[in-house]
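Asker: following is a predicted model, sequence given first.
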Amino acid sequence: MAKMNVLEALRAAMAWELEHDSDVVILGEDVGTAGGIFRTTQGLQNRFGPDRVIDTPMDESGIIAHAVGLALAGMKPIAEIQFSGFIHNAHEQIMFCAAKYRWMSGGEYTSPLVVRAPSFGGIMGGVWHSHSPESYYIHGGGIKIVAPSTPQDAYGLMLAAIRDPDPVLILEPVPLYRSLSGEVEDDGTATEIGPAETVRPGQDITAVTYGPLRHVLKEVADELAASGGADTEVIDLKTLIPWDVERLVESVNRTGRLVIIHEAPQTLGFGAELAAELQQRCFGYLQAPIDRVCAPDVPYSYRVGDDYYKPGAERIRAALNKIMEFAF
Amino acid sequence: MSEKIGNPREPRPALLDLAGDLNIHQVLDRNGLPNGDMPDPGLSNDEARMFYETMVLLRTIDERGWKLQRSGRIAFWIPLRGQEALQVGATHAMHSDDWIFRAHREMAPWLMRGGSLELMFAQFFGAAQEPQKGRRLPCLIGNRSLNIIQGPTQVGSFIPHACGVAWAAKLRGADIKVLGLFGDGATSRSEFHSAMNFAGIHQPPVVFICVNNSWAVSTPLDCQTAQANFAAKGDAYGVRNLRVDGNDPLAVYAVTKAARESLESEGPILIEAVTYRLGYHTSSDNPDLYRQEAEAALWAAWDPLQRMRGYLEHKGWWDDADEAALHQRCEDDIQAAINAASAMAIPGRSSQFEDVFAESTWMLDEQAERLLSEQSESAS
């Protein structure tokens, strides 16, 4: 047990696996001597050497493509993309190579790499440094997606991602890297990929999110209940593929109301899938239309994005109040 | 009045006619006599005959496969005619536990590593029991037991994968080398440049062979690049390189063998094998739109089969009776393979859900369950 911020928890998990599995390597831009631009891998090259923590050329597609090759041969590469806004020139390598080798070879060849994608807004980073790329990496199968937003989950899901037999995209919560600390059970135990977490139990509304908004949502829900408003159940999805349908269905059937909150743009955001599946499964229990609080279908602005693009407390509160007012 | 369709180019000289000027290394001249700038690598009688027999088998497979496609028995075909020599020479130069990333026209590794014709044709028919379970288009063959890997279909996307597998061997201290094959068109893709760049830096034990067959579908070399010496592209990345006559199996064997043996001391290498695609790009192509017969005729004079046969005859290792027996054997073996493969079961409906993940997810399970309940087995 140790107190860590999110960034230190990610580092501790990678260090654990580097120490316990000689097939694990880290590669990416600036990950070695500099320890990454966020310093997530700081000290790891000194500790494990330049053949384990590898500085690469500035070539996202090449980083992923070579990680695919390493993985095909049985290694376990952790490939860092500096910001998830830079990930898309590796899209083909992630979706049509890493995520397809097992299937297209009839199960004979696999390429289980970890793609680290620092994501989400909140650092006044503008469109390329505040990105939520998840929707682009869901269509067509073959890759899992996780989004830890606590130090413990950062540690446990990173371990799970490295040990998973399939490719895993890990959306790291950039705005929480150093701002959020907590006690972490750092004994090498992974957090299972798949289960969501009920952050706050409630009776009136189910509100589901993932990534840094978990904390904003929890605060809003607490305030709302304290001020005599709705009692909101807050669920942190934590894994997007495959997501925890059972927990969601149980909760929505109980509360009868669902609000989905995410930072990615609304159209074809993950909320669209959640809404479609849950309206089908929970239709008879719903007391109001399912609502979504998402970013608009526009790019993330440097100056106003953090306050007016990604959903904040004000919009979340408004949605929670509004869904309680609905009457058939 | 009918409108003219297409704009076939004036024939350009066969690059092999200019081999000396273009620094394209050869063992054999166009008649198969060992008069090139390189010494005869000295294959045994058995090895040399195996080279020729494999090349003839490859061409016969290509001819029969084409007919299977044209008669509607299989959906697609990727001709290999004219490119038999380089794949035989390169495969023989590698060890059987070396990985081979094939491009789309290399059937030789499968045959030369002991893969069965029956299973190869099973792939063309999309049979359930072929290694890839009928998931890839005909000719996109892969087989882990033979260390042959079929990358994604988009050309060149897998060049860094070959580099990465070799890099892994180096990092782990494993005595495995990698052969990565790709075409001239693939050198325009970013992944080619990524692979050369990483290879130059990290020195993995990989032999890259750029199969320059003059055409990328309808795109000729001068539309593909202003530097049509593909080997020279290695210079930009510190990757040693050379050009070899890709229609000369002995030359390709010799340079690939030397390359393999020097990977540790001299690093990765980019070999440009200069050849020509005598056939269509695929069964969906029509070369009459963009090239003239006369150009293919210039290259037919460098036909790799004629040259290898010429070499065998020069050595006194081959005669007309051998030739007749070989053709009969190829026809018979292929017919038997077609008979067996075409009778094999195709994959069941649920097989498409397998191997997406190591273990299925509830999402896939539910989609499979619904699909199976809504479609009958005979649905088309």
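Answerer: Now that the structure is in, tell me what you want to look at. Numbering: from 1, shown residues only, chains lettered A, B, ... in the order given.

Asker: so the residue of the stretch 1-150 of chain A found nearest chain B, which state does it fall into?
Answerer: Chain B sits closest to residue A:69 of the stretch 1-150 of chain A, with a gap of 1.5 Å, by Cβ to the nearest Cβ. In short, each C-beta sits where N, CA and C put it, glycine included. Taken by DSSP: H, G, I helix; E, B strand; the rest coil, the conformation at residue A:69 corresponds to helix.

Asker: what's the burial count for the closest residue to it other than its chain neighbours?
Answerer: Once its chain neighbours are removed from consideration, residue A:69 has its nearest residue in residue B:164; the separation is 1.5 Å (Cβ to Cβ, 6 or more residues apart in numbering or on different chains). Neighbouring residues of residue B:164 were enumerated by other Cβ atoms under 10 Å in any protein chain shown; the total is 34.

Asker: so which elements touch whichever helix or strand residue B:164 is part of?
Answerer: Using DSSP states H and E, residue B:164 sits within helix B:159-172. Counting contacts by 3 or more Cβ pairs under 8 Å, 6 or more residues apart in numbering or on different chains; DSSP states H and E, helix B:159-172 is packed against helix A:60-72, strand B:99-102, strand B:178-183, helix B:190-202, strand B:206-212.

Asker: give me the angle between the fourth one and helix A:60-72.
Answerer: Spelled out, that is helix B:190-202. Taking axes from the mean of the first three to the mean of the last three Cα atoms, to 10 degrees, helix B:190-202 and helix A:60-72 form an angle of 70 degrees between their directions.

Asker: that older thread, okay, the helices and strands packed on helix B:159-172 in TSV with mean pLDDT and mean neighbour count next?
Answerer: What follows is these, written out as TSV (pLDDT from 0 to 100; neighbours: other Cβ atoms under 10 Å in any protein chain shown):
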stretch	mean pLDDT	mean neighbour count
helix A:60-72	98	29
strand B:99-102	98	27
strand B:178-183	98	27
helix B:190-202	98	24
strand B:206-212	98	29
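
Asker: before we move on, the earlier item: the residue of the stretch 1-150 of chain A closest to chain B and residue B:57, how far apart?
Answerer: For residue A:69, the distance to residue B:57 equals 31 Å [Cβ to Cβ, to the nearest Å].

Asker: per-residue confidence at the residue nearest the centre of chain A?
Answerer: With distances taken as Cα atoms, centre = their mean, residue A:147 lies nearest the centre of chain A, 1.7 Å away. pLDDT, residue A:147: 98.

Asker: try residue B:378
Answerer: Value listed for residue B:378 in the pLDDT field: 63.

Asker: check residue B:6 too.
Answerer: According to the prediction, residue B:6 has pLDDT 84.

Asker: just the element for the spatially closest residue to residue B:80 that is not a sequence neighbour, please.
Answerer: The shortest distance from residue B:80 to any non-neighbouring residue, by Cβ to Cβ, 6+ apart, is to residue B:105 (4.1 Å). Assessed by DSSP H and E, residue B:105 sits outside every helix and strand.

Asker: same deal with residue B:60?
Answerer: Applying DSSP H and E as the criterion places residue B:60 in helix B:45-70.

Asker: so for that helix, what gets flagged as buried?
Answerer: Neighbour counts over helix B:45-70 (16 or more other Cβ atoms under 10 Å in any protein chain shown) mark B:48-66, B:68-69 as buried.

Asker: can you check stretch A:15-23 too?
Answerer: Judged by neighbour count (16+ other Cβ under 10 Å), stretch A:15-23 contains these buried residues: A:15, A:16, A:17, A:18, A:23.

Asker: out of these, which touch chain B?
Answerer: For chain B, the contacts drawn from the buried residues of stretch A:15-23 by Cβ under 8 Å from any Cβ of the partner chain are residue A:23.

Asker: which residues of the stretch 1-150 of chain A score low on pLDDT?
Answerer: Residues of the stretch 1-150 of chain A that meet the criterion pLDDT under 70 are absent altogether.

Asker: where along it do the strands fall?
Answerer: When assigned using DSSP state E, counting those that start in this stretch, the strands of the stretch 1-150 of chain A occupy the ranges A:2-5, A:24-28, A:53-55, A:76-80, A:114-119, A:144-146.

Asker: gap between the residue nearest to the centre of chain A and residue A:173?
Answerer: To residue A:173, residue A:147 is 7 Å away according to Cβ to Cβ.

Asker: overlap in contacts, the two.
Answerer: Common neighbours of residue A:147 and residue A:173, counting by Cβ atoms under 8 Å, 6 or more residues apart in numbering or on different chains, are A:119, A:211.

Asker: and the residue of the stretch 101-250 of chain B found nearest chain A, what is it in contact with?
Answerer: Per Cβ to the nearest Cβ, residue B:164 is where the stretch 101-250 of chain B lies closest to chain A, at 1.5 Å. Going by Cβ under 8 Å, 6+ apart, residue B:164 touches A:65, A:66, A:67, A:68, A:69, A:70, A:71, A:72, A:73, B:198, B:204.

Asker: run the last query once more with 6 Å
Answerer: With contacts taken as Cβ atoms under 6 Å, 6 or more residues apart in numbering or on different chains, residue B:164 has the following neighbours: A:66, A:69, A:70.

Asker: so what pLDDT did it get?
Answerer: Looking at residue B:164 specifically, the model assigns a pLDDT of 98.

Asker: distance check, it against residue A:68.
Answerer: Taken as Cβ to Cβ, the spacing of residue B:164 relative to residue A:68 amounts to 6 Å.

Asker: how about the residues of chain B near chain A?
Answerer: B:131-133, B:135, B:142, B:144, B:152, B:160-161, B:163-165, B:168, B:171, B:190-191, B:194, B:197-198, B:355-358, B:361, B:363 (Cβ under 6 Å from any Cβ of the partner chain).

Asker: all helices of chain B, in order?
Answerer: For chain B, applying DSSP state H gives helices covering B:45-70, B:84-93, B:108-112, B:117-125, B:159-172, B:190-202, B:221-224, B:249-261, B:263-266, B:293-300, B:304-315, B:320-342, B:362-374.

Asker: that should have said chain A, apologies.
Answerer: Taking DSSP H as the criterion, chain A carries its helices at A:6-20, A:44-48, A:60-72, A:91-92, A:101-104, A:151-163, A:213-226, A:245-255, A:270-282, A:305-308, A:313-325.

Asker: of these, which approaches residue B:17 most closely?
Answerer: Taking Cβ to Cβ as the criterion, residue B:17 comes closest to helix A:60-72 out of those, the separation being 37.1 Å.

Asker: which elements pack onto the closest one?
Answerer: In terms of contact count using 3 or more Cβ pairs under 6 Å, 6 or more residues apart in numbering or on different chains; DSSP states H and E, helix A:60-72 is assigned the packing partners strand A:76-80, helix B:159-172, helix B:190-202.
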